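# Predicted coordinates and the sequence they were generated for:
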Amino acid sequence: MPRPIDILLVEDDPGDVELTTETLKEAKMLVEIHTAENGEQALAYLRKEGAHRDASDPDLILLDLNMPIMDGREFLRVMKRDDSLRKIPVVVLTTSSADEEVMRSYDLGANCYVTKPVGLEQFSKVVHAIESFWLTVVKLPPRGHPAERR
């Protein structure tokens with residue numbers, strides 16, 4: 001049996017977390033979804049700190065930019081400077097469509113930038129498109145830290 005695809009969803013809006021999670025669970029492939037409400041929690045998860053000691057290494061991160069404590073921009077900046085984390089693909093999934101935000105996200109190391117649509121049906125379509133591309137078309141890097149990779 002193939003291993004599940006691990007996704008870390010970094011999002012502070014409970015409604016978006018629920019909708020994204022439910023949409024991804026409709027996938028034809030086995031998906032394991034973990035959540036963090038801000039960049040600090042996400043870094044603790046990735047670094048296996050505290051309660052996240054047994055956390056799995058994500059294959060993909062879905063990241064909102066506008067969150068409290070540590071926003072998505074700062075998270076990207078820190079994560080992409082960490083040699084053990086920087087190869088994990090990050091899809092920015094946020095409400096802003098401003099060119100400055102798009103450019104800044106790519107400059108910080110985002111692998112993809114997607115603007116969240118307003119309607120539920122459109123949002124679901126966008127999540128399905130991300131899933132289809134990133135989980136079936138793209139070859140993801142091996143999971144784990146470099147020393148742990150096969």
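Yes, it's here. Numbers count the residues shown, from 1 in each chain.
# ok, Glu11 to Thr35 distance?
For Glu11, the distance to Thr35 equals 7 Å [Cβ to Cβ, to the nearest Å]. No exception for glycine: its C-beta is placed from N, CA and C like everyone else's.
# Any chance you could list what contacts the worst-scoring helix or strand of the chain on mean pLDDT?
Lowest mean confidence among the helices and strands of the chain (mean pLDDT, DSSP states H and E): helix 120-132, at a mean of 72. Helix 120-132 is contacted by residues 16, 19-20, 23-24, 26-27, 31, 62, 91, 93, 112, 114, 116-117 when judged by Cβ atoms under 8 Å, 6 or more residues apart in numbering.
# Same question for stretch 76-93.
By Cβ under 8 Å, 6+ apart, the list of residues contacting stretch 76-93 from outside reads 11, 20, 39, 42-43, 46-47, 57-65, 70, 72, 105, 108-114, 116, 126, 130, 134, 138, 140-141, 145-146.
# Strands of this protein, start to end?
5-10, 31-36, 60-63, 90-94, 112-115 (DSSP state E).
# Need the winner for burial among these.
strand 60-63 (a mean of 26; mean count of other Cβ atoms under 10 Å).
# What strands flank that strand, and is each parallel or antiparallel?
Using DSSP bridges, strand 60-63 pairs in its sheet with strand 5-10 (parallel), strand 90-94 (parallel).
# shaky segments in the chain?
1-2, 27-29, 120, 132-150 (pLDDT under 70).
# which residues does Gly50 contact?
Here Gly50 is in contact with Ala44 (Cβ under 8 Å, 6+ apart).
# How about Tyr113?
Taking Cβ under 8 Å, 6+ apart, one finds 91-92, 94, 101-102, 105-106 in contact with Tyr113.
# would you list those in a markdown table and tack on distance to Arg77?
Shown next, in a markdown table, are the contacts of Tyr113 (distance: Cβ to Cβ, whole Å):
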| residue | distance to Arg77 |
| --- | --- |
| Val91 | 17 |
| Val92 | 13 |
| Thr94 | 16 |
| Glu101 | 14 |
| Val102 | 16 |
| Ser105 | 11 |
| Tyr106 | 13 |
